[in-house]
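Novice: sharing a model that was predicted from the sequence below.
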Amino acid sequence: MDSKTLYARAQRVMPGGVNSPLRACRYVNSEPVFIERAEGAYLWDVEGRKYIDYVLSWGPLLLGHCHPDVAEAVYMAVNKGTSYGAPCEGEVALAEEINKLVPSMEMMRMVSSGTEATMSALRLARGYTGRNKVVKFVGNYHGHNDAFLAAAGSAAQIVPGTPGVPEGVIQYTLLAQYNDLEAVKAHFEQSGDDIACVIVEPVAGNMGLVLPKDGFLQGLRDLCTQYGALLIFDEVITGFRLSIGGAQQRFGITPDLTTMGKIIGGGFPVGCFGGKREIMEHMAPCGGVFQAGTLSGNPVAMASGLATLKALQQCDYDALEARTTKFASELCNILREKGQAIALNRIASVYTLYFSEVPVTNMIESSACNGDLYAAFWQQMHAQGVNLAPAGFECTFTSFAHTDEDLEQTLEAARKVSF
């Protein structure tokens, strides 16, 4: 079976032939490639072609695909049952491990996705504060909950305006450009007594990688404290990747609530939200804020997540960051030598190369980048066995599984690209 045949079949039974919009590869003028298996830093498609993977399931596979410790933990867990719908030791052990690494998460609730985590955190913030409004940033993507699909980044750009989201829902969503602290101050000055929370990707990862300006995150912390609102860090991308303690450890900013995604399940469909005990105890059954899920704390996902976090604590984050910095800089120089204007944003083991003549600090600047050039780059790299995100407004991830040979092979492929 080949990808073309599978795609034709998929389009008959799935909208656009995919289960998540970016997989359709329309931003790079291509069709989806169907994957058969993955291991380490590599993917193999259904036709047997091998790719060096820099998408890594959109970020969580910091150990690479099918890490042996994680695979063994999953195998052991599956043989004890796939779902209980009841408490298990694994969920307690994973929560304790997350609390050890991210101390601000004094208590947490396991869920099944990053979207469910952010949705629940918003409900909790509203229930705890008795307020309705949320401040979010244009280009920050917090999953497909209605309240967050006002000017969202990432895949939501495919459907401008996001039909199906009532105006009555997003009337409570206040927008600001990422890195614009003055706009947030203006919202608080006007609506401070009804702002339940500010939610932010501490390092934006859904308009490409965009770093916070000096003082931006601290400014959000100070405003939330001043007005009695909660600060929510969406660490679905940054959690355990920017450091073993996430973005909040790296930047030294403590949020009131944190949301995590699939990295805490080693790539399984998992999420969680957590924070201060006094806030979390407003969740049912302790308090009146309701949330539930049959698969929350799934034993297989908990085993995978615990094995992942244990393994990550043995890894050299500084070494991977140094290798990624050198690699991304060399890649940037190769493209500049070909006459392309490139803006490079990077931190830890994440980077984005923008085809742009100006630095990218917000959604406006990200949207102005040349998508046609990125599509040409993607197509030629893909043809040489390098798997990059199928859109220019996404991140590129390295992992502890990538070797120096993988990075050099990728650079060699870039040297062969023509525009």
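Specialist: Received it, and whenever you're ready, just let me know what you need.

Novice: ok now stretch 392-401, how far from the chain's centre?
Specialist: Put simply, stretch 392-401 sits 11 Å off its chain's centre (C-alpha atoms, centre = their mean, to the nearest Å).

Novice: hmm, I typed the wrong one, I wanted stretch 302-316.
Specialist: Relative to its parent chain, stretch 302-316 has a centroid offset of 18 Å by C-alpha atoms, centre = their mean.

Novice: so residue 66 is in contact with residue 42, correct?
Specialist: No. Counting by C-beta atoms under 8 Å, residue 66 stays clear of residue 42, with 9.8 Å between them. In short, each C-beta sits where N, CA and C put it, glycine included.

Novice: report the contact partners of residue 281.
Specialist: The neighbours of residue 281, taking C-beta atoms under 8 Å, 6 or more residues apart in numbering as the test, are 107, 287.

Novice: what strand or helix carries residue 378?
Specialist: Using DSSP states H and E, residue 378 falls within helix 371-383.

Novice: what does that helix contact?
Specialist: Residues outside helix 371-383 that contact it (C-beta under 8 Å, 6+ apart): 27-30, 33, 51, 335, 340, 355, 388, 390-392, 410, 413-414, 416-419.

Novice: and the next element down the chain from that helix?
Specialist: Next element after helix 371-383 (DSSP H and E): strand 386-387.

Novice: and the closest residue to residue 111 other than its chain neighbours, what pLDDT?
Specialist: The spatial neighbour of residue 111 that comes closest, neighbours along the chain excluded (C-beta to C-beta, 6 or more residues apart in numbering), is residue 271 at 4.7 Å. The score at residue 271 is 96. That number is its pLDDT.

Novice: just checking, residue 271 touches residue 113?
Specialist: Yes. Residue 271 is within contact range of residue 113, at 4.9 Å (criterion: C-beta under 8 Å).

Novice: joint contacts of these two?
Specialist: Both residue 271 and residue 113 are contacted by 261, 262, under the criterion C-beta under 8 Å, 6+ apart.

Novice: who's more crowded, these two?
Specialist: residue 271 (28 against 19; other C-beta atoms under 10 Å).

Novice: quick check: residue 275 vs residue 263, distance?
Specialist: Counting by C-beta to C-beta, to the nearest Å, the gap from residue 275 to residue 263 is 18 Å.

Novice: okay, the two: which has more neighbours?
Specialist: Set residue 275 next to residue 263 and count neighbours by other C-beta under 10 Å: residue 263 wins out with 30 against 27.

Novice: tell me the pLDDT of the closest residue to residue 315 other than its chain neighbours.
Specialist: In this structure, residue 315 finds its nearest non-sequential neighbour in residue 400, 5.2 Å apart by C-beta to C-beta, 6+ apart. The model reports residue 400 with a pLDDT of 98.
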